[in-house]
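Student: model the following, please.
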Amino acid sequence: MTTTAPTKGHSPAVFLAAEWRWLAMVNYAVDPAVLLPYLPAGVELDEFGGRSFVSMVGFRFLRTRVFGFRFPFHTDFDEVNLRFYVRRRVPGDDKPRRGTVFIREIVPRRIIATTARLLYNEPYLTCPMRHRVEPAAAPTEAEYRWKYARRWQTLGVSTAGGEPSAIAAGSEEEFITEHYWGYNRQRSGETLEYGVEHPRWRVWRATGHRFDCDVAALYGEGFAPFLRAEPSSAFLVEGSPVQVRKGRPLAASK
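Tutor: All right, here's what the predicted structure looks like:
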């Protein structure tokens, strides 16, 4: 698979292979102080234009394999997550490793959430979920819904359809999508680093967005003022096949 992921010197086994499709991304500038309690050791907040960002992301997980194996009823499903952006400076590397940290990830399959929590301490939550992507070839609507606290909550974007565009260099879309590492705080306090590989994506610019969510209940009161405000940007990403490498502690990832 052609990839722009900076995985030089970091090539453990592929843990997960799948397709990520129709990524609805709604992005908000936030006070960095809100993110610091979630910051794993060994990384720092990444910024664009002097601002820190979080993204609400909804997408389809398709043709999923874990260590090369497909598990019945667990290959195609939805995910909605809230994430923020970090970087790690590595001696000898000319550029920092730019990555993401998840505040919460929602999926509809309990075994997926349980496995991710047990193996990697990933902040997964299981909820009933639905999606709507219409039309599939050139979407004008992409909507993801999840049922939490007895009500359905929604993340979605509208587009003009047509062909997706290449992501412009130096744009906010590039900053949001061009992070190819994941970082996660373990129960021991150490930080796990893993590589995420995929081609450079294409996007549809959003003509509108929808975000109806009990932010305080799901993500904490600190995020509420920012996620209730107008987003800085919103777009729909075409997606592609992806590979996620097996994670390693930072001490072993240099």
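
Student: so residue 66 makes contact with residue 13?
Tutor: No. The pair residue 66 / residue 13 is not scored as a contact, 11.2 Å apart, by C-beta atoms under 8 Å. Where you see a C-beta, it was placed from the backbone N, CA and C, and this is true even at glycine.

Student: the two: who's more crowded?
Tutor: Higher neighbour count among residue 66 and residue 13: residue 66, with 17 against 8, using other C-beta atoms under 10 Å.

Student: what's the neighbour count on residue 251?
Tutor: Neighbour count of residue 251, defined by other C-beta under 10 Å: 10.

Student: do the same with residue 128
Tutor: 10.

Student: now do the contacts for it.
Tutor: Residue 128 makes contact with 108, 146, 147 under the criterion C-beta atoms under 8 Å, 6 or more residues apart in numbering.

Student: what about 10 Å?
Tutor: 108, 145, 146, 147, 148, 152 (C-beta atoms under 10 Å, 6 or more residues apart in numbering).

Student: is the residue nearest to residue 59 when sequence neighbours are not counted in a helix, a strand, or coil?
Tutor: Leaving aside its chain neighbours, residue 59 sits nearest to residue 23 (4.1 Å; criterion: C-beta to C-beta, 6 or more residues apart in numbering). Of the three states, residue 23 takes strand according to DSSP: H, G, I helix; E, B strand; the rest coil.

Student: quick one: residue 23 and residue 151, what's the gap?
Tutor: Computed as C-beta to C-beta, to the nearest Å, the residue 23 to residue 151 distance reads 24 Å.

Student: these two: who's more crowded?
Tutor: residue 23 (24 against 10).

Student: residues of stretch 87-107 that come out buried?
Tutor: 87-88, 90, 96-103, 105-107 (16 or more other C-beta atoms under 10 Å).

Student: just send those back as a markdown table, with distance to residue 140, secondary structure and pLDDT too.
Tutor: What follows is the buried residues of stretch 87-107, written out as a markdown table (distance: C-beta to C-beta, whole Å; DSSP: H, G, I helix; E, B strand; the rest coil; pLDDT from 0 to 100):
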| residue | distance to residue 140 | secondary structure | pLDDT |
| --- | --- | --- | --- |
| 87 | 35 | strand | 97 |
| 88 | 38 | strand | 96 |
| 90 | 42 | coil | 91 |
| 96 | 37 | coil | 94 |
| 97 | 36 | strand | 96 |
| 98 | 31 | strand | 97 |
| 99 | 32 | strand | 97 |
| 100 | 28 | strand | 97 |
| 101 | 32 | strand | 97 |
| 102 | 29 | strand | 96 |
| 103 | 29 | strand | 96 |
| 105 | 27 | strand | 95 |
| 106 | 24 | strand | 95 |
| 107 | 26 | strand | 94 |
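
Student: will you turn the residues you listed into TSV that also has distance to residue 36?
Tutor: Putting the buried residues of stretch 87-107 into TSV (distance: C-beta to C-beta, whole Å) gives the following:
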residue	distance to residue 36
87	15
88	16
90	22
96	18
97	19
98	18
99	16
100	16
101	11
102	16
103	13
105	20
106	23
107	27
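
Student: nearest to residue 53 among those residues?
Tutor: Comparing the buried residues of stretch 87-107 against residue 53 with C-beta to C-beta places residue 100 closest, at 10.5 Å.

Student: ok, the closest one touching residue 193?
Tutor: No. Between residue 100 and residue 193 there is no contact under C-beta atoms under 10 Å: 11.4 Å.

Student: mutual contacts of the two, please.
Tutor: 181, 182, 183, 184.

Student: could you give the bridge partners of the closest residue to the last one other than its chain neighbours?
Tutor: What it means is residue 184. Using C-beta to C-beta, 6+ apart and skipping residues adjacent in sequence, the residue nearest residue 184 is residue 192, 4.7 Å away. When assigned by DSSP bridges, residue 192 has beta-bridge partners residue 184, residue 249.
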